[in-house]
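Chemist: Sequence plus the predicted model coming up.
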Amino acid sequence: MSNVKQVFQEINDALSREPKYAEGVNAVYQFNLTDEDPGIYQLILKNDHRSCAEGEKEQADCTLHMKAEDFVQMAEGKLNGTQAFMSGKLKIKGNMGLALKLQSILATYNKEKNK
């Protein structure tokens with residue numbers, strides 16, 4: 001299984017190659033991860049700036065709280081974000097509409113990764 005830092009690096013690389021993955025999204029997602037690989041990470045999608053960062057760099061528009069292993073599974077397309085939310089594995093603060101868009105961003109990232 002991939003570790004969290006590796007997943008964020010892969011997402012960052014994919015956004016650098018193909019910024020269209022996050023086209024139309026102007027937001028900062030923050031991931032507060034717990035358990036075996038804890039940390040705070042941000043997915044920054046502001047104007048022409050598209051990147052991932054460790055720590056709190058910007059004010060988050062949507063904050064997701066979950067176990068690190070669940071995040072990795074969600075990023076790899078093995079865990080549906082809606083199901084994770086409904087089952088209590090994922091807690092969301094902030095803009096719920098942005099959380100729904102995140103699912104499609106991760107799905108596009110997975111298509112690129114699995115080419």
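Modeler: Right, received. Where do you want to start? Residues are numbered from 1 along each chain as shown.

Chemist: what bridges to the nearest residue to residue 32 once chain neighbours are set aside?
Modeler: Using C-beta to C-beta, 6 or more residues apart in numbering and skipping residues adjacent in sequence, the residue nearest residue 32 is residue 65, 4.7 Å away. For glycine as for every other residue, the C-beta is placed from the backbone atoms N, C-alpha and C. Bridge pairing for residue 65 (DSSP bridges) gives the partners residue 32, residue 91.

Chemist: Show the residue spans covered by the strands in the protein.
Modeler: When assigned using DSSP state E, the strands of the chain occupy the ranges 27-34, 39-46, 49-54, 62-67, 90-94.

Chemist: Next up, the contacts around the residue nearest to residue 32.
Modeler: Taking C-beta atoms under 8 Å, 6 or more residues apart in numbering as the contact definition, residue 65 lies against 32, 34, 90-93.

Chemist: Quick one: those residues as CSV, columns for distance to residue 57 and pLDDT too.
Modeler: Conversion of the contacts of residue 65 to CSV gives the following (distance: C-beta to C-beta, whole Å; pLDDT from 0 to 100):
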residue, distance to residue 57, pLDDT
32, 14, 98
34, 20, 95
90, 22, 96
91, 21, 97
92, 20, 96
93, 17, 96
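
Chemist: from these, which would you call buried?
Modeler: Among the contacts of residue 65, those scoring as buried are 32, 90, 92 (criterion: 16 or more other C-beta atoms under 10 Å).

Chemist: Take those residues and lay them out in CSV including distance to residue 80.
Modeler: As requested, the buried ones among the contacts of residue 65 are exported to CSV (distance: C-beta to C-beta, whole Å):
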residue, distance to residue 80
32, 20
90, 10
92, 14
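
Chemist: Ok, which of the strands of the chain comes nearest residue 18?
Modeler: The closest approach between residue 18 and any of those, judged by C-beta to C-beta, belongs to strand 49-54 at 9.6 Å.
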